[in-house]
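# One predicted model, sequence on top.
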Number of protein chains: 2
Amino acid sequence: MSKTKGRVTLPSEAGFLNETKEMLERWGADALRDSDGTKLPAEIKALDAEIYTTYFVARGHNEFAKEHMDECQQLYLMSKRCTAFEKELTIDFMDGYYEEQVVPDYLHDPAKWWEVIDRTTDTVVPVTAWELDHENNRVIIPCADRFHEYTVSFLVYAIWDPTQMYNHITNNWGDKPHDIPFDVRQTASGRFAKEYLIQWLKENPDTDVVRFTTFFYHFTLVFNQHAKEKFVDWFGYGASVSVKALEAFEAEYGYALRPEDIIDNGYYNTTFRVPSRHYLDYIDFIQRFVAAKAKELVELVHAAGKKAMMFLGDNWIGTEPYGQYFESIGLDAVVGSVGGGATLRLISDIPHVKYTEGRFLPYFFPDTFYEGNDPCVEAMENWLTARRAIMRKPVDRIGYGGYLSLAYKFPKFVDYIEQVTDEFREIYDNVHGKKPFCGLKVAILNSWGKLRSWQTYMVAHALWYKQIYSYLGILESLSGASVDVCFISFEDILKNGIASDIDVIINAGDAGTAFSGGEEWLDLQLVTTIRKWVYEGGGFVGIGEPSAIHKGGRFFQLADILGVDKELGFTLSTDKYFTQAEKTHFITEDRSEAFDFGESMKNVYALEENTEIVEYSNGEVHIAAHAYGAGRGVYIAGLPYSQANTRLLMRSLYYAAGKEQEFKRWFAENPLCEVHAYPETGKYAILNNSAKAQTSNIYDGEGRIEEVSLAPAEIIWKEIRA
Amino acid sequence: MSKTKGRVTLPSEAGFLNETKEMLERWGADALRDSDGTKLPAEIKALDAEIYTTYFVARGHNEFAKEHMDECQQLYLMSKRCTAFEKELTIDFMDGYYEEQVVPDYLHDPAKWWEVIDRTTDTVVPVTAWELDHENNRVIIPCADRFHEYTVSFLVYAIWDPTQMYNHITNNWGDKPHDIPFDVRQTASGRFAKEYLIQWLKENPDTDVVRFTTFFYHFTLVFNQHAKEKFVDWFGYGASVSVKALEAFEAEYGYALRPEDIIDNGYYNTTFRVPSRHYLDYIDFIQRFVAAKAKELVELVHAAGKKAMMFLGDNWIGTEPYGQYFESIGLDAVVGSVGGGATLRLISDIPHVKYTEGRFLPYFFPDTFYEGNDPCVEAMENWLTARRAIMRKPVDRIGYGGYLSLAYKFPKFVDYIEQVTDEFREIYDNVHGKKPFCGLKVAILNSWGKLRSWQTYMVAHALWYKQIYSYLGILESLSGASVDVCFISFEDILKNGIASDIDVIINAGDAGTAFSGGEEWLDLQLVTTIRKWVYEGGGFVGIGEPSAIHKGGRFFQLADILGVDKELGFTLSTDKYFTQAEKTHFITEDRSEAFDFGESMKNVYALEENTEIVEYSNGEVHIAAHAYGAGRGVYIAGLPYSQANTRLLMRSLYYAAGKEQEFKRWFAENPLCEVHAYPETGKYAILNNSAKAQTSNIYDGEGRIEEVSLAPAEIIWKEIRA
């Protein structure tokens, strides 16, 4: 590869001028950034590179915030559940919370804004039946029902930004002041946010890109009494609440939200909950506010001749990059952290910005860059998983974070990233703006649809959870596969039917969650629309507990399509005749390793003789297929990410779509390799997604075969044969 | 052991007189029985033994039945679920059924007695909206809703007794007539049943014991179009239905049952379903009828100077030996099949009879008695599992079935059973009528309570099912343990509270089933009554998904007692801090082998710091304990039967009861041994429950220790020290 330049952002730091120049050269970087807590010195800012400067809107201005503590951000919190062992019950509602992070809001009348709930009866305790002990932060219920559980839903002010708090505690920042988060919805704060930015833009002429970190409301992140994380929801609107917002909501919608609309049994409307109408109204309301306010700031940035970039995280709540108001903000760019293919696509698919940037791993921090460790291992894994997603839809830039001086001490790493940055630019030049070959169009169906594109099954960005990895593999597999991927909601189907260009619908997740759909499946129109669509030729792939809710003698409401259902104990008396897997099946015909369904799913069984049992073990079906009219259903018990499972999913999708004959187009037989073709430009690329040399038969778009050998991690570009 | 005699029943057969005499002598038998299909010849009947004769009330009288085909037994059946792909839908409702077993009932107006249901909307299709094609057994819905699923609930006549059918097909009985089951509720059949018995009693003067096999209604057992079992529910009242019964029900209860009350979404009210009020009414109605009618027959038997014995199985529906009408039947005895300890207790605990008899395994059939096989292996396993239950509450007699001539060919087996029968009589003489030492009183709580004592978690008697073995182990463990066991229903608690002598309540099963309780847990009074009882010192042991129904932010409604709940995906955002198991814990302190939770339970987590995590692996809690006021909760993920799990359960029970200090009373340290004490008689027995020699420290009632060595399967009797 020849040496190229551009599309790369580096962190830098004081006292590192010459090395920064060298690294700019070697990695072909054209932008420099500061980090949380570091500032770029003037000499660095003067280099031939765009300068990104981190900007905090709603924190880091304590001189203002301290004067306006009544404009701090707010949250609704739920106390612990307390059982009334005696007639009188006292609830220490702050028990379990960290008083340096949150304090009760006594400015607004608790009788109006708080709720005491009997969780055993699921009813609200009348305000006349409880008393408040301000001094001790306690609620007293003088005449409780014995052995009922009660909770208090109460408003707090947040007095410490949770990200700064986390960094503060982790890095032992001692008496460094706590960033107080203020709410731009409030009069003084709203004015301050703009005025400060105007001033700041004047004072920072060297800044080319204002990197908003981020706008107004942090995702819900609450700490416990020991200052340890207690609740984290990367999608949570918890910290966007305020009395002012609730009043404005009521004025606009004509109904008042209850605290319980936010508290939601203590689930706080996690993205795993099928969203209530009230919650959907609320987040739409917040999104409109955030978009309008953010737009004002972006316009100021533009007026100052600079670009506005948003960091995808921290105070990103309400921006919803795939939502309908995001475009109106007018941002130039979004930057986010890349953990693999799915998170790459989460960034690169964001519409309505001029460019996107991915911050790659590893972070230049001592946890990876220490003597004896090879940071190339993590870097290569990160790059190879992200690269296949880049082949489908590239971010426009890549970048790194942390201490450049630390990375500089690892020459092998510097060499490797030099190669990666060149490779990235080569790929980008080839694929940017070009539609890659897609064999199928796949729609992922859940309660959130497009709004949470590439954000399904996630708790806190890309963190591993036992309950999600068996579903996250679907996104990771698809992120770099030769299929078009879209995200649709149940409401989309009810409103608009199913788009005619969709080949396969995937519904996956645990029963009752927003991803499987829970009570959404009680809707007749939903069920019959999908049945009709599959009957007429569509494909439906269910993973885990698809369409699951117990009703009318079925658990999987689309059991008729899938040919399988889950035994809940009620049909044990019914003989299960079908327990023999097919000897061979298209879906598994090239599987060479043991099956891995991750957490898998128990007690799934075949309903009919013509259910094709593809995998059966331990008295259960784990893969099945089933014809339904002109279409097909496919069931899979779980799909953690692996190359073998990517293959399994792709075969399932082609089978569901009835397009098995077209499967081997731009196809690598070896599952560790993949082919991406760009008919517009007449090129195709063969990727070795592994760190070892590979050989594979490669099928072109006409099904012609050639055998190709690839070096570890190699990417080979070829011209498409006529 | 000295040679003793009595309490043993043998099968016999023609042409086997001398050997029968020898076996009577060697096994000390005092009764002889025929089997299904064999008859005892006069010479055998003349031996010095009671003669049992099998008697069928409602089948085996085809000359009568053929004249009264309108009095055949009836069932409600549900057709397959049929999707309306087009506007007109035709349902071949007999598809999947066996026309030699069941035929549609067209004598009673289908418009009145049948139901066509739209399972997608869960609504009944008006009778005006469907038509019946008698000739082809089809229902036509001319204007169906497309892509809705429909079913037909239809009445049939049963024209072949399913047990005879099974034997007929299995043994290739060829053109032997099919036994037609008639319904004694009908006028002619009711009269015939009595008149025939009167005559039969006269004609069988040699019979001492009339062995009813059984009374009127077979448990639900339906075959498919290939004459293979399709649906089997040992508890099912399916075959007790008739138009006459439904009319009588309506007259008495003031409301009519719908077909759906019997069909129940195709679940047919399996014993795993939380029973509806209508179903409970219905089975009570049938029980009263069965008891009254059976009483009439039993009185005839008594009038003839004979004893009446009931076989626990086949046509036993409505007798419910633990129900409130059973006593009124006036039976002398019940005989049933013994698969292990739980099924032994199922027989031996039956109240209101003069004696009970257990039929032991193996059956003298060629599937076990073939050259090269050692039938002693199965016999010893059967005996050792049943023996520990006999120590708690003995059956009064044991017996065997099949061909005695076959068993006779296996001298080692004959020797072994000689030893078993002597051992049985020795145990019986020691324990009959004596209250054994019980350290605790344990109540198993579910929807069925006492009515289905020792019958919980069962589908078809003692058959193995993947979904039940992890719960059946509870019964098997308790059947021979030094605890009092009772069975209580949720309704019992609501009506009568919790009896003061109960130490521990066990609630176990999969969520939603009658054993866990499902929607029963929505009842406030139930939840608060148990909470109060535990708070005041009771013990609550939950296994699998105890008290599970999703409501108010909890899945386990008694999570506050158990200290654990199950993650459904809605609290992934809440940090789970408690993942460290206690280093040692009373419940597991002598566990030497790997844990075995059977099917186990996923995603259970500890809620509180003071939850005692006893076993944690794979990111889940499998055993936990938790103090709740003066009482305790214990959670176990599953309990398949083994000696080690019996120990685990016993420790859990003692811990829940707060009686750890009393655990080592009449206790064997070696879990393969057990001690049973009879303070009334001043004796105790030490059992080796294994087929190998064992040594164990033995604790007496004062906690004094002695080391005892036991031969394989040995039982040692000792005098209690003063």
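Arrived safely, thanks for sending.

# Might you enumerate the residues of the stretch 151-300 of chain A proximal to chain B?
Among all residues of the stretch 151-300 of chain A, those adjacent to chain B (criterion: Cβ under 8 Å from any Cβ of the partner chain) are A:220, A:224, A:228-233, A:236, A:265-268, A:270, A:272-273. Where you see a C-beta, it was placed from the backbone N, CA and C, and this is true even at glycine.

# right, and the helix or strand after the longest helix along chain A?
Counting by DSSP state H, the longest helix found in chain A is helix A:277-303. Beyond helix A:277-303 in the direction of the C-terminus, DSSP states H and E gives the next helix or strand as strand A:307-311.

# can you tell me how far residue A:458 sits from chain B?
As for residue A:458, its distance to chain B is 10 Å (criterion: Cβ to the nearest Cβ, to the nearest Å).

# That residue: how many residues sit nearby?
For residue A:458, the neighbour count with other Cβ atoms under 10 Å in any protein chain shown is 25.

# wait, it sits on residue A:270?
No - taking contacts as Cβ atoms under 8 Å, residue A:458 lies outside contact range of residue A:270: 10.6 Å.

# intersection of neighbour lists for these two?
Taking Cβ atoms under 8 Å, 6 or more residues apart in numbering or on different chains as the contact rule, residue A:458 and residue A:270 both touch residue A:235.

# mind listing what residue A:619 touches?
Residues counted as contacts of residue A:619 (Cβ under 8 Å, 6+ apart) are A:579, B:466.

# quick one: the longest helix of chain A to chain centroid distance?
Relative to the centre of its chain, helix A:277-303 is centred 20 Å away, using Cα atoms, centre = their mean, to the nearest Å.

# Remind me what that helix packs against, helices and strands.
Contacting helix A:277-303 under the criterion 3 or more Cβ pairs under 8 Å, 6 or more residues apart in numbering or on different chains; DSSP states H and E are the following elements: helix A:187-203, strand A:209-212, helix A:243-253, helix A:259-263, strand A:307-311, helix A:326-329.

# Name all residues that make contact with the most far-flung residue of chain A relative to its centre.
For chain A, the residue at maximal distance from the C-alpha centroid (Cα atoms, centre = their mean) is residue A:87, at 45.8 Å. The neighbours of residue A:87, taking Cβ under 8 Å, 6+ apart as the test, are A:142, A:143, A:144, A:146.

# which one is the first one nearest to, not counting chain neighbours?
What that stands for is residue A:142. Leaving aside its chain neighbours, residue A:142 sits nearest to residue A:88 (5.4 Å; criterion: Cβ to Cβ, 6 or more residues apart in numbering or on different chains).

# ok, residue A:545 - contacts?
Residues in contact with residue A:545 (Cβ under 8 Å, 6+ apart) are A:509, A:510, A:511, A:516, A:555, A:556, A:566, A:601.

# Save the helices and strands packed on helix A:277-303 as TSV, and put in distance to residue B:678 too.
Supplementary listing: those in TSV, determined by distance: least, Cβ to Cβ, whole Å:
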stretch	distance to residue B:678
helix A:187-203	81
strand A:209-212	81
helix A:243-253	71
helix A:259-263	58
strand A:307-311	77
helix A:326-329	80
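
# Over in the stretch 501-650 of chain A, which residue gets nearest chain B? Let me know.
With Cβ to the nearest Cβ as the measure, the residue in the stretch 501-650 of chain A that lies nearest chain B is residue A:553; the distance is 3.3 Å.

# Tell me the spacing between the closest residue to that residue other than its chain neighbours and residue B:91.
Nearest in space to residue A:553, with sequence neighbours left out and distances taken as Cβ to Cβ, 6+ apart, is residue B:265 at 3.3 Å. Relative to residue B:91, residue B:265 is positioned 16 Å away (criterion: Cβ to Cβ, to the nearest Å).

# Now do the helices in the stretch 101-250 of chain A.
For the stretch 101-250 of chain A, the helices defined by DSSP state H, counting those that start in this stretch occupy A:110-113, A:162-170, A:187-203, A:243-253.

# Just name the most buried of the ones you listed.
With neighbours defined as mean count of other Cβ atoms under 10 Å in any protein chain shown, the helices of the stretch 101-250 of chain A peak in mean count at helix A:162-170, which reaches a mean of 18.

# what helices or strands is that helix leaning on?
Counting by 3+ Cβ pairs under 8 Å, 6+ apart, helix A:162-170 packs on strand A:220-223.

# Return the list of strands paired to the strand it packs on, each annotated with direction.
Using DSSP bridges, the strands paired with strand A:220-223 are strand A:229-233 (antiparallel).

# tell me which residues in stretch A:672-690 are buried?
By 16 or more other Cβ atoms under 10 Å in any protein chain shown, the buried positions in stretch A:672-690 come out as A:672-678, A:683-690.

# on that earlier part again, any of the residues of the stretch 151-300 of chain A next to chain B buried? List them.
With neighbours counted by 16+ other Cβ under 10 Å, those contain buried members at A:220, A:224, A:230-233, A:236, A:265-268, A:270, A:272-273.

# Now these in TSV, please, with extra columns for pLDDT.
Formatted as TSV, the entries for these read as follows, by pLDDT from 0 to 100:
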residue	pLDDT
A:220	96
A:224	96
A:230	96
A:231	96
A:232	95
A:233	95
A:236	96
A:265	97
A:266	97
A:267	97
A:268	97
A:270	96
A:272	97
A:273	97
